[in-house]
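Q: Provided below for reference: sequence and predicted model.
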Amino acid sequence: MARELSGLLTLTDFEDAARSVLDAASWAYVAGGADTQLTVRANTDAFDQVWLRPRALGGSGAKPDTSVTLLGQRLALPVLLAPTSPQRLLHEDAEIATARAAESAGTVSIVSTDSHHVFADVTGSVGSDSWFQLYAYRSRDDVAATIALAEEAGATALVVTVDASYAARRISTRRAGFRTPAHVDFGNLRSLGVLTGEIPEGARIDRLPLTWDDLEWIRSRTNLPIVVKGVLRAEDAERCVGLGVEGVIVSNHGGRQLDGAVPSLIALEQVAAAISDRALVLLDGGVRSGVHVVKALALGADAVCIGRPYLWGLGLAGQQGVEAVLDLLRSEIEDTLLQLGADSVADIDADFAIRAR
């Protein structure tokens, strides 16, 4: 398998290779978005509307420093692994392979409530920090039990997803006839008693729609840092910070919920301008290269999260494949910094970027 990975030089190469090994229905589930998939495409296209401005004769020429510190934790690169599910669709080790790859690369895996493996098994497989992504199911009692599950397993942050309370119109997935395979399970939901019967056909169980009151209540239930995922408006970001959360992820759920939602990169600047001096600002959606990572940093992100790209690696070679994706991104980030005349990702600011007119 390492021989197959050695020829993959871009994330597009990983995408093409993964598509060639997955069945059509599974590929449609991973790649697909809502309705016409306009936002899926626009998330990546938005990066083409931002241009980088190198500094002539800048930088020391030394290997650039790609490390960042988020919520008091030093990461070796400004790329986190976003919560995705069901990872067992792609590899039998699922979230354990992903967490181990994140640990090897010196970054963080955000583990979904909907993970195949129970969160304690994931955290027990690594010695590094893991964040837990919270979906709300059934009642506040169930949400409280989910938070307790995360705390007891050693989560170091809680990522509350607020943009996926309702089922989406994923037409491409339906047309492909996707059904959750029998080997896929939802370990956390079974341990919580939320799921007791058969696996749902579309890999989704009805969720409890969240409100601002619910977010305030969640904040009161835990001392863990909270990051709210699914924020696209500056005023919503400010309200989150006002409730005491430590950060937001500017995200449209990878274009998988609302077709026509604003691309994450376009929403980033206003959100960052509103809260970056008070809270962590992350971005996900459309990141397909180290150049994209640096563009996001220049527009105000502290780091980015990737989803589909590491799933491509997971489907190709498990932990080794995810590590290869992260190694590629690290190399591309280092090259971009050198070409810009920057010694560190900490040097990157708005002066390095300009939007197309």
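A: Great, that's in hand. Numbers count the residues shown, from 1 in each chain.

Q: from here on, just use CA atoms for contacts and neighbour counts.
A: OK.

Q: which strands and helices lie in contact with the helix or strand harbouring residue 237?
A: According to DSSP states H and E, residue 237 maps onto helix 234-242. Under the contact criterion of 3 or more C-alpha pairs under 8 Å, 6 or more residues apart in numbering; DSSP states H and E, helix 234-242 touches strand 247-250, helix 264-275.

Q: could you export the strand or helix carrying residue 132 as CSV, CA atoms only?
A: Per DSSP H and E: residue 132 is located in strand 130-134. These are the backbone C-alpha positions of strand 130-134, laid out as CSV (Å, rounded to 0.1, in the frame of the first residue of the first chain):
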residue,chain,number,x,y,z
SER,A,130,-8.8,14.4,21.3
TRP,A,131,-11.8,16.7,21.0
PHE,A,132,-15.4,15.4,21.1
GLN,A,133,-18.0,16.6,18.6
LEU,A,134,-21.5,16.8,20.2
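
Q: Provide the contact partners of the next helix or strand after it at residue level.
A: The helix or strand immediately downstream of strand 130-134 is helix 140-152, counting by DSSP H and E. Here helix 140-152 makes contact (C-alpha atoms under 8 Å, 6 or more residues apart in numbering) with 113, 119-120, 132, 134-137, 158, 192, 194, 218, 221-222, 224.

Q: just to revisit the earlier point, measure how the helix holding residue 237 sits relative to helix 264-275, angle-wise.
A: 50 degrees (axes from the mean of the first three to the mean of the last three C-alpha atoms, to 10 degrees).

Q: quick revisit: can you list the helices and strands packed on helix 234-242 in CSV and add mean pLDDT, mean neighbour count and distance to residue 15?
A: Shown next, in CSV, are those (pLDDT from 0 to 100; neighbours: other C-alpha atoms under 10 Å; distance: least, C-alpha to C-alpha, whole Å):
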stretch, mean pLDDT, mean neighbour count, distance to residue 15
strand 247-250, 98, 28, 23
helix 264-275, 98, 22, 21
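
Q: now the helices for the stretch 151-300 of the chain?
A: Under the criterion DSSP state H, counting those that start in this stretch, the stretch 151-300 of the chain carries helices at the ranges 171-175, 187-192, 212-221, 234-242, 264-275, 290-298.

Q: quick one, which of these gets closest to residue 58.
A: helix 290-298 (16.3 Å; C-alpha to C-alpha).

Q: could you give the mean pLDDT of the closest one?
A: Mean pLDDT, helix 290-298: 98.

Q: residue 23: which of the helices and strands packed on helix 234-242 is closest?
A: Across the helices and strands packed on helix 234-242, residue 23 has its closest neighbour in helix 264-275 (29.1 Å, C-alpha to C-alpha).

Q: so which elements touch the closest one?
A: helix 234-242, strand 247-250, strand 280-284.

Q: for the ones you listed, please prepare a markdown table with the additional fields distance to residue 144.
A: Converted to a markdown table, the helices and strands packed on helix 264-275 look like this (distance: least, C-alpha to C-alpha, whole Å):
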| stretch | distance to residue 144 |
| --- | --- |
| helix 234-242 | 19 |
| strand 247-250 | 21 |
| strand 280-284 | 24 |
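
Q: which one of those lies closest to residue 178?
A: strand 280-284 (24.8 Å).

Q: contacting residues for the residue of the chain most remote from its centre?
A: Using C-alpha atoms, centre = their mean, the residue of the chain lying farthest from its centre is residue 57. It sits 35.0 Å away. Going by C-alpha under 8 Å, 6+ apart, residue 57 touches residue 341.

Q: for this structure, which helix or strand comes out least confident on mean pLDDT?
A: Across the helices and strands of the chain, mean confidence by mean pLDDT, DSSP states H and E is lowest for helix 2-5: a mean of 63.
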